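Undergrad: Need a 3D model of the following:
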Amino acid sequence: MLHRFLCCWVGVAALLGAAANWPQFRGPGGLGVSEEQGLPAEWSSSQNIAWKTPLPGPGGSSPIVWGDRVYITCYSGYGVSMEQPGEMSSLVRHLLAIDRRSGEVLWDRTVPAALPEQPFGGFQALHGYASSTPATDGERIYVFFGRTGVLAFDTQGQELWRTEVGTRTHNWGSATSPVLHGDLVIVNASVESGSLVALHRQDGRVVWRAGEIRAAWNTPLLLEGGAGPELVVSVQGRLLGFDPAAGQQLWQAAGIQDYVCPSVVAFDGAVFAIGGRNKPGLAVKSGGRGETSALWTIDKGSNVSSPVYYKGHLYWAHEGQGIVYCVDAASGTLVYEQRLNPGPGRIYASAVAADDKIYYVSRENGTYVVAAGPSYRLLAHNRLEDDPSTCNGSPAICEGQILLRSNQYLYCIGTR
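TA: Predicted coordinates:
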């Protein structure tokens, strides 16, 4: 086990070492962890804001960073407000490139939606039509816009290719983000076609497709090292491990007996999953073949936001109860269960860990900064008083600054 841990985390450490880049959902390795130090714990509309940039529309996606560029998605034209949703035929998605130093919008590319989309309202209205975080390799930016497809853009905003991966919609909308492996762009198209789909980065052609991806709104996790690369996704009833190069299923384990929104995280040769409506969390061993059993289970979880592993503990927030959890990662023992005060309302964003801090972003009541460690300690509760819009995106971290999006603005938090 120790040998596999070292092999796996050497690769992850190399990714984390590229501190200037936050290239995908939850940053290097998709783990929601940064090794940066000296990050701000406190901010407000008038304190510790390097810049803020108005966005052309709302979105639930997170910003990503490569060098001096920030990329982020939004939508406009339809479903911006419940009072006046507008006409579906006007729905467009945006991909923006923003200068990380100044906040200047360098370009804004629009993509009309393939229709019909899921009508605005109900669960769809809670996060809208731009909830997939982009991914980049520094040469191209890859976005997933549901039934409109997966698209690749160059760094000047020129569309290079577009591939449809399914045409279905769902009343909870679409939300998974692309991940990159070798020459492949891999997306969880559970909503659109009930499948994982791997596309070639150069031209968007389908390289492989794996079916039976049921009720899964989470972004797959790529594990490097150990017995070889694995792609792990949590679906209704099962955890599945795939060979990311060929799409062959390597192993499966009993998982969350419900639909699954949270992405998995990995540590010490184990994969940890939560999800569903008050369903238990569990850890399973990665690197196996065939059927794999749980290492441990716990009767705590979250329906929406993903956990984060940091220095021996797992942390996450319950999306509706305003409770944050700390769990010993090796044993699954609950270390603490604490209700945030003041109450956060709903939390859909996934936690980010850095600088011995855990950052929890609530939808409507700001960001809670909690000390990492086995004892609960609230370091700060930060609100952007002049921005009443919703925050669904997870933060990105780059060079001592935090990039945080709301439905109205992208903020750069920290000194210039």
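
Undergrad: Run through the stretch 1-150 of the chain and note the low-pLDDT ranges.
TA: 1-19 (pLDDT under 70).

Undergrad: And the strands in it?
TA: Applying DSSP state E, counting those that start in this stretch to the stretch 1-150 of the chain gives strands spanning 49-54, 64-66, 69-76, 92-99, 105-112, 135-136, 140-144, 150-154.

Undergrad: Now the fourth one: buried residues?
TA: By that I understand strand 92-99. Val92, Arg93, His94, Leu95, Leu96, Ala97, Ile98 (16 or more other C-beta atoms under 10 Å). The C-beta positions use only the backbone N, C-alpha and C, and glycine is treated the same way.

Undergrad: Output the contacting helices and strands for that strand.
TA: Helices and strands touching strand 92-99, by 3 or more C-beta pairs under 8 Å, 6 or more residues apart in numbering; DSSP states H and E, are strand 69-76, strand 105-112, strand 140-144.

Undergrad: Most tightly packed of those?
TA: strand 140-144 (a mean of 26; mean count of other C-beta atoms under 10 Å).

Undergrad: Please state the offset of that one from the chain centre?
TA: 14 Å (C-alpha atoms, centre = their mean, to the nearest Å).

Undergrad: hmm, back to that, I'd like to know which of the strands of the stretch 1-150 of the chain is closest to Ser394.
TA: Ser394 lies closest to strand 64-66 among the strands of the stretch 1-150 of the chain, at 10.6 Å (C-beta to C-beta).

Undergrad: What lies in contact with that closest one?
TA: Outside strand 64-66, the residues that touch it by C-beta atoms under 8 Å, 6 or more residues apart in numbering are 20-25, 70-72, 100, 133-136, 138, 396, 398, 403.

Undergrad: Could you rerun that using 7 Å?
TA: If you take C-beta atoms under 7 Å, 6 or more residues apart in numbering as the criterion, strand 64-66 is touched by 21-24, 71, 100, 133-136, 138, 396, 398, 403.

Undergrad: residue ranges of the strands in the stretch 251-400 of the chain, please?
TA: Listed in chain order, the strands of the stretch 251-400 of the chain (DSSP E, counting those that start in this stretch) span residues 265-267, 270-273, 281-285, 290-292, 294-298, 308-310, 313-317, 323-328, 334-339, 352-354, 357-361, 367-371, 378-382, 396-398.

Undergrad: how distant is the last one from the center of its chain?
TA: Averaged C-alpha coordinates place strand 396-398 at 13 Å from its chain's average position (C-alpha atoms, centre = their mean).

Undergrad: From the contacts of strand 64-66, list the buried ones, please.
TA: 21-24, 71, 100, 133-136, 396, 398, 403.

Undergrad: Could you dump those into CSV with distance to Val33 added?
TA: Output for the buried ones among the contacts of strand 64-66, formatted as CSV (distance: C-beta to C-beta, whole Å):
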residue, distance to Val33
Asn21, 14
Trp22, 11
Pro23, 14
Gln24, 13
Tyr71, 20
Arg100, 20
Thr133, 16
Pro134, 19
Ala135, 17
Thr136, 19
Ala396, 12
Cys398, 14
Leu403, 16
